[in-house]
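Student: Sequence and computational prediction follow.
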Amino acid sequence: MELSQQRIRRDLLRLAYPAILEMMLHTTVWIADTAMVGRLGPVELSAVGLGGEIFFTTVFVFAAIGVGATAMIARYYGAKEYKKVHHISSQVFLLGILVGTFVSVLLYFVGDTVIYWFNIPEEVAIQSEIYIKTATVGTFFMLPMFVSIAILRGIGNNQLPLLIAIVINTINIIGDYVLIFGKFGFPAYGVKGAAIAAAAGHIVGAVVIWVYLFSGRLEVKLDLQNIIKFDKEIIKKVLNLSTPAGIAELITNGSRIVFSIMVAHLGAVAYAAHQVAVAAESLSFMPGFGFSIAATTIVGQSLGAKEQVQASKSGWEALKLGLMIMVSIGLFFLILPHQIIKVFIPNPEVIELGASCLRIAAFEQPVIAVEMILSGALKGAGDTRWPLYSALVGNWLIRIPLVYLSVFVFHLPVTFVWIVTVIDFTVRSVIVLWRFKSGKWTAIKI
């Protein structure tokens, strides 16, 4: 039965707000983590920045198996094939354990090699290696945990992932304070303490979510008998759906690293202005993330119920709601850029340049909303290739070449880098908008 627009909107808001709060928590912890490590000195801050970039990029690339898991579970949940939902959930959990083990070994033995690709000072490289090897302890738990969260998103449960985020981030912040600086009788571990805190938070978060999933108190239950039976067909389908999402994650993170390196060549003031503008703009992504998650779930469930029109309406309604919020945030960037940048840094020169960047970022908001939310809708349908094409074209055919020309050929100021970013997201948004509008994604079989 087709749902009314009011019901669709209510369901989208119910799914989106926990995801938005979850993202806000992660951003808060990132800021707190950076502030505490920054007190140790520039070497330690650089080490955690680089080590964290390598560690979490690797983890998130492989965590993309959750994209395929969510799409499949949402489809069968919408079709009310609950036995299939339980079976698929158990199989993707097994896949999470296998992938988590592989990534743990990969990071522990290869992570330090990657560090030296960046040609950084020896003292920074040594501290980065300590961070990666220590954080790797939690990787075995992190991948199955991310898969577990993907399972919950597939059945439309975003409240428990929010609870898990609260647990993880609370432990992380307290652990940072205690273990970085050596409080309450604990040794001062410095960079290693930050890694231990991050690992501990994810280990506890994983245990909590597994207790719920194995207990039978939720609409989906993990079953040990199903877990130990390797279902080749299910695993193959999950990997086929997830591989484009993993490649897109690698493309996006890889281009971000290259992008940052190029911007750094503009000088300390320009790079500082760029960084604070990025930090300020990151707040605007939260609504896009929330409605993207909501669109993934409702589109997948609607297609499972064979309600293609409802799936399409849900995607457009999610975009409408996300656009309203992100455009409003963009207006604040346009009207009050100096006041926003001042929150992050007192330097007048950086404030002026950062405010110019933030004004340009205001024009990114509509196209970022389109790209994020409609990509989420396509992923819910199992159409994971077009978000990959969008990321590939935007990052490597538009952003990186144009930024290279701006910085190294024409020697333009950092504001032109932000103009390039607007062009990048505009192209990406056109690609996913065209694909979603075509309606071809409604015919994808899972």
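Tutor: Now that the structure is in, tell me what you want to look at. Residues are numbered from 1 along each chain as shown.

Student: What residues does the residue positioned nearest the centre of the chain make contact with?
Tutor: Nearest to the geometric centre of the chain sits Phe60, at 7.5 Å (Cα atoms, centre = their mean). Shown in contact with Phe60 (Cβ atoms under 8 Å, 6 or more residues apart in numbering): 249, 253. In short, each C-beta sits where N, CA and C put it, glycine included.

Student: change it to 7 Å
Tutor: Under the criterion of Cβ atoms under 7 Å, 6 or more residues apart in numbering, the contact list for Phe60 reads Glu249.

Student: ok, now how distant is it from Ile227?
Tutor: Here the criterion is Cβ to Cβ, to the nearest Å. By it, Phe60 lies 24 Å from Ile227.

Student: do the same with Gly182
Tutor: Distance, Gly182 to Ile227, by Cβ to Cβ: 41 Å.

Student: Then Pro287?
Tutor: Using Cβ to Cβ, Pro287 is found at 36 Å from Ile227.

Student: Then Leu412?
Tutor: Distance from Leu412 to Ile227, counting by Cβ to Cβ: 55 Å.

Student: any idea of the mean pLDDT for the helix or strand encompassing Thr70?
Tutor: When elements are assigned from DSSP states H and E, Thr70 belongs to helix 65-78. For helix 65-78, mean pLDDT is 96.

Student: Mind listing what's buried along that helix?
Tutor: 65-78 (16 or more other Cβ atoms under 10 Å).

Student: Give me the spatial nearest neighbour of Thr27, chain neighbours excluded.
Tutor: Distances taken as Cβ to Cβ, 6 or more residues apart in numbering place Ser282 nearest to Thr27, at 6.1 Å, with adjacent residues excluded.

Student: helices or strands up against the helix or strand hosting Tyr108?
Tutor: Following DSSP H and E, the helix or strand that holds Tyr108 is helix 82-115. Under the contact criterion of 3 or more Cβ pairs under 7 Å, 6 or more residues apart in numbering; DSSP states H and E, helix 82-115 touches helix 42-62, helix 65-78, helix 122-135, helix 139-154, helix 224-228, helix 232-264.

Student: Return the most buried member of these.
Tutor: Among these, helix 65-78 has the highest mean neighbour count (mean count of other Cβ atoms under 10 Å), at a mean of 28.

Student: That one versus helix 82-115: what angle between them?
Tutor: 170 degrees (axes from the mean of the first three to the mean of the last three Cα atoms, to 10 degrees).

Student: Not counting its own residues, what contacts helix 65-78?
Tutor: Residues contacting helix 65-78 (Cβ under 7 Å, 6+ apart): 84-85, 88-89, 92, 95-96, 99, 146-147, 149-151, 153-155, 237-239, 241-242, 245, 296-297, 300-305, 379-380, 382, 384, 446.

Student: chain center to it: distance?
Tutor: 18 Å (Cα atoms, centre = their mean, to the nearest Å).

Student: can you offset everything so residue one is 46?
Tutor: Fine by me, first position is 46 from now on; the one you just mentioned is helix 110-123.

Student: export it as CSV, just CAs?
Tutor: Only the C-alpha atoms of helix 110-123 are listed here, as CSV (Å, rounded to 0.1, in the frame of the first residue of the first chain):
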residue,chain,number,x,y,z
ILE,A,110,30.5,-4.1,2.9
GLY,A,111,27.9,-2.5,5.1
VAL,A,112,26.4,-0.7,2.0
GLY,A,113,25.6,-4.0,0.4
ALA,A,114,24.3,-5.4,3.7
THR,A,115,21.9,-2.5,4.2
ALA,A,116,20.6,-2.7,0.7
MET,A,117,19.9,-6.4,0.8
ILE,A,118,18.4,-6.4,4.3
ALA,A,119,16.2,-3.4,3.6
ARG,A,120,14.9,-5.1,0.4
TYR,A,121,13.9,-8.3,2.2
TYR,A,122,12.6,-6.5,5.3
GLY,A,123,10.3,-4.5,3.0
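
Student: Can you get me a residue count around Arg55?
Tutor: Arg55: 12 surrounding residues under other Cβ atoms under 10 Å.

Student: Next, the contact list for it, please.
Tutor: Contacts of Arg55 by Cβ under 7 Å, 6+ apart: none found.

Student: For this structure, identify the residue most remote from the centre.
Tutor: Gly230 (35.5 Å).

Student: what ranges do the helices span in the stretch 246-395 of the chain?
Tutor: In the stretch 246-395 of the chain, the helices defined using DSSP state H, counting those that start in this stretch lie at 269-273, 277-309, 313-326, 330-349, 353-380, 382-387, 393-407.

Student: wait, which of these is closest to Tyr222?
Tutor: The closest of the helices of the stretch 246-395 of the chain to Tyr222 is helix 313-326. By Cβ to Cβ, the value is 21.2 Å.

Student: what mean pLDDT does that closest one have?
Tutor: 83.

Student: quick one: it to helix 393-407, angle?
Tutor: Going by the same axes, to 10 degrees, helix 313-326 makes 50 degrees with helix 393-407.

Student: tell me what helix 313-326 is packed against?
Tutor: helix 277-309, helix 382-387, helix 393-407, helix 459-483.

Student: Quick one: those helices as CSV, columns for distance to Ala180 and mean pLDDT too.
Tutor: Listed next are those as CSV, based on distance: least, Cβ to Cβ, whole Å; pLDDT from 0 to 100:
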stretch, distance to Ala180, mean pLDDT
helix 277-309, 16, 91
helix 382-387, 31, 91
helix 393-407, 31, 94
helix 459-483, 30, 97
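
Student: Format those as a markdown table; extra columns: distance to Phe185.
Tutor: Converted to a markdown table, the helices and strands packed on helix 313-326 look like this (distance: least, Cβ to Cβ, whole Å):
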| stretch | distance to Phe185 |
| --- | --- |
| helix 277-309 | 19 |
| helix 382-387 | 40 |
| helix 393-407 | 38 |
| helix 459-483 | 34 |
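
Student: Asp56 is nearest to which of these?
Tutor: Of all the helices and strands packed on helix 313-326, helix 459-483 comes closest under Cβ to Cβ, at 18.7 Å.
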